[in-house]
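Enquirer: Need a 3D model of the sequence below.
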Amino acid sequence: MMNDDDPFLSDEEKALHARLKELRLEHSDLDASIEALLRLPQPDQLMVARLKRKKLTLRDEIVKIEAIVLPDIIA
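Expert: Now for the predicted structure:
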């Protein structure tokens, strides 16, 4: 994985790497929130569904950014 301080990265690439890190953290936090909600005796299923939808949206954004910043191995 490339370091954010890599001198060969453009400002745009550095910004994308930072955004990717941020999205992965938010995705992980949502995962933990969903797990915690599901452990409750009567979990709020509407909230769980909303968090899962948000998590999927984040995953889509992560995949899009990864496609830009990660080299395509199968060329």
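Enquirer: Only C-alpha atoms from now on, for both contacts and neighbour counts.
Expert: OK.
Enquirer: and residue 47, how far is that from residue 25?
Expert: 20 Å (C-alpha to C-alpha, to the nearest Å).
Enquirer: same question but for residue 55, I mixed them up
Expert: Residue 55 is 11 Å from residue 25, by C-alpha to C-alpha.
Enquirer: more neighbours, those two?
Expert: For residue 55 versus residue 25, neighbours defined as other C-alpha atoms under 10 Å are more numerous around residue 55 (21 against 12).
Enquirer: pLDDT wise, what is that one at?
Expert: The score at residue 55 is 98. That number is its pLDDT.
Enquirer: So residue 58, which state does it fall into?
Expert: Using DSSP: H, G, I helix; E, B strand; the rest coil, the structure places residue 58 in helix.
Enquirer: Could you do the one 4 residues further on as well?
Expert: Of the three states, residue 62 takes helix under three-state DSSP.
Enquirer: List the residues that contact it.
Expert: Residue 62 makes contact with 20, 23-24, according to C-alpha atoms under 8 Å, 6 or more residues apart in numbering.
Enquirer: who wins for neighbours among the residues you listed?
Expert: residue 20 (20 neighbours).
Enquirer: Return the distance of that one relative to residue 26.
Expert: Counting by C-alpha to C-alpha, the gap from residue 20 to residue 26 is 10 Å.
Enquirer: Count the residues that sit near residue 17.
Expert: Other residues close to residue 17 by other C-alpha under 10 Å number 21.
Enquirer: Tell me which helix or strand it sits in.
Expert: Counting by DSSP states H and E, the element that carries residue 17 is helix 11-38.
Enquirer: Good, we can wrap up now.
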